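# sharing a sequence plus its predicted fold:
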Amino acid sequence: MFKKLMVTAAVAVALTGQALFAADITKVIPEDTDFVLRINVSKILTLPEVQKQINEGFEKQPEQKKTYEELKTKSGFDPLKDISNITLFSSGKAVEGQEALGGALIEGKFDIEKIVKVIQEDESAAKDVSVTKVDGFNCVVPKNSKEGYGMFLNNECVVVGSQAGCDAVKAVSLGKGKALETNKALIGILNKVDTKATLSGCGLLPASFKAKCAQNPNAAALANIDSFFFDFNNDQNMVFNLNAEVDKAENVNTVMTSVNGYIAMIKMFSAQLPEVQEAVNMLTATNEGTTIKLNLNIPAAKVAEIKAKLEERAKKLQEQNGGDANAPRQ
């Protein structure tokens, strides 16, 4: 049953076609975090196209819809209405070979008593998980340690992920660990993020990652980047902004040259799909001081036009392959 609950939530988000930062959330994210990604689920679910995709998805999968409705009734939890935001966090310690410190904080409305009861009363759930209290928090503990660990912080927030990540959040919640608020480097970048975006995030490049870049001639310029932040919006125009902070002013030209090279390469490969190339050609790179800015702004009308052309291309390809769009071309 726990898997079904998680699948139900995952399907709800996946059907949107789309995993910042309220002060309350930063108070429970561990200090060691160096990457944060925020998904504005409430905003995504208001988009007409998303609503259409959800309805069509359930029409094509009636059994999934039935399971969804049953679990919604039993648990009092409706992912399509009760989830507001999902914040993913991770630490570079995973890159350095240490136990992964990461997870997802799911904000919304949760009837913990009902959800726990549903899991406990389902016989099949007992094969996969156990529900127990750890330091006062209701936890869903997997029998297989590689599967997702879950913890209810309260009726408005759940953390899922590696046990190390969940334990770190628990420690912060209990006042036994430091929160992201004390991570001055990441908080400084976090404050630049567009908090109203559909998708947004920021991160610090781990020293180990920069060291590997420095050893690779094709990626050496990336070793000069200390941090980045980005946002994505698709409520009207499709807009993507990526900003990277270069460590020293004298390294900006080197990084800009490399970035322009990457863009040229992307444009070259996109030539195989003219419709995609139309969008890629709108990608620009500029710099302001030590900040390098990449921007992609595609007007809503052009997005619709490109989508229609790609759908027509897929339709023709499917007809050529006898109904199988994935079949190899002769």
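Now that the structure is in, tell me what you want to look at. Note that this is a predicted model, so its numbers are computed, not measured.

# now the helices for the stretch 51-200 of the chain?
Counting by DSSP state H, counting those that start in this stretch, the stretch 51-200 of the chain has helices at residues 62-75, 79-82, 112-121, 125-128, 163-173, 184-190.

# so what does the second one touch, helix or strand wise?
In this structure, helix 79-82 makes packing contacts with helix 2-14, judged by 3 or more C-beta pairs under 8 Å, 6 or more residues apart in numbering; DSSP states H and E. Quick note: C-beta positions are derived from backbone N, CA and C, even for glycine.

# check the last one too.
Packing contacts for helix 184-190, counted by 3+ C-beta pairs under 8 Å, 6+ apart, involve strand 199-204, strand 225-233.

# and that helix, what's buried?
L186, I187, I189, L190 (16 or more other C-beta atoms under 10 Å).

# what bits of the chain have low per-residue confidence?
For the chain, the stretches with pLDDT under 70 are 1-23, 93-100, 322-330.

# just checking, what's the longest helix in it?
In the chain, with assignment by DSSP state H, the single longest helix is helix 300-320.

# packing partners of that helix?
helix 274-280.

# then the helix it packs on to CSV, C-alphas only?
Coordinates of each C-alpha in helix 274-280 appear next as CSV, following Å, rounded to 0.1, in the frame of the first residue of the first chain:
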residue,chain,number,x,y,z
PRO,A,274,14.4,22.3,-37.7
GLU,A,275,11.5,22.8,-35.3
VAL,A,276,13.7,22.4,-32.3
GLN,A,277,16.4,24.5,-33.9
GLU,A,278,13.9,27.4,-34.1
ALA,A,279,13.7,27.3,-30.3
VAL,A,280,17.5,26.8,-29.7
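
# could you list the buried residues of it?
Those would be E275, V276, Q277, A279, V280, for helix 274-280 by 16+ other C-beta under 10 Å.

# contacts for that helix, please.
Under the contact criterion C-beta atoms under 8 Å, 6 or more residues apart in numbering, helix 274-280 has outside partners I266, K267, S270, A271, L296, I298, K302, I306, K309, L310, R313.

# phi, psi of the fifth one?
Comment: the main-chain dihedrals of L296 come out as phi -130, psi 120, following degrees, to the nearest 10.

# surely it and I266 touch.
No - with contact defined as C-beta atoms under 8 Å, L296 does not reach I266; the gap is 10.8 Å.

# overlap in contacts of these two?
Common neighbours of L296 and I266 (C-beta under 8 Å, 6+ apart) are L283.

# neighbour count winner among those two?
L296 (17 against 13; other C-beta atoms under 10 Å).

# that one pairs with what?
F240 (DSSP bridges).

# so what's it up against?
Applying C-beta under 8 Å, 6+ apart, the residues contacting L296 are M238, V239, F240, N241, A279, M282, L283, T284.

# gap between the second one and I266?
V239 sits 18 Å away from I266 when distances are taken as C-beta to C-beta, to the nearest Å.

# quick one on the thing from earlier: mind putting the buried residues of helix 274-280 into JSON lines with distance to T291?
What follows is the buried residues of helix 274-280, written out as JSON lines (distance: C-beta to C-beta, whole Å):
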{"residue": "E275", "distance to T291": "31"}
{"residue": "V276", "distance to T291": "28"}
{"residue": "Q277", "distance to T291": "27"}
{"residue": "A279", "distance to T291": "24"}
{"residue": "V280", "distance to T291": "22"}
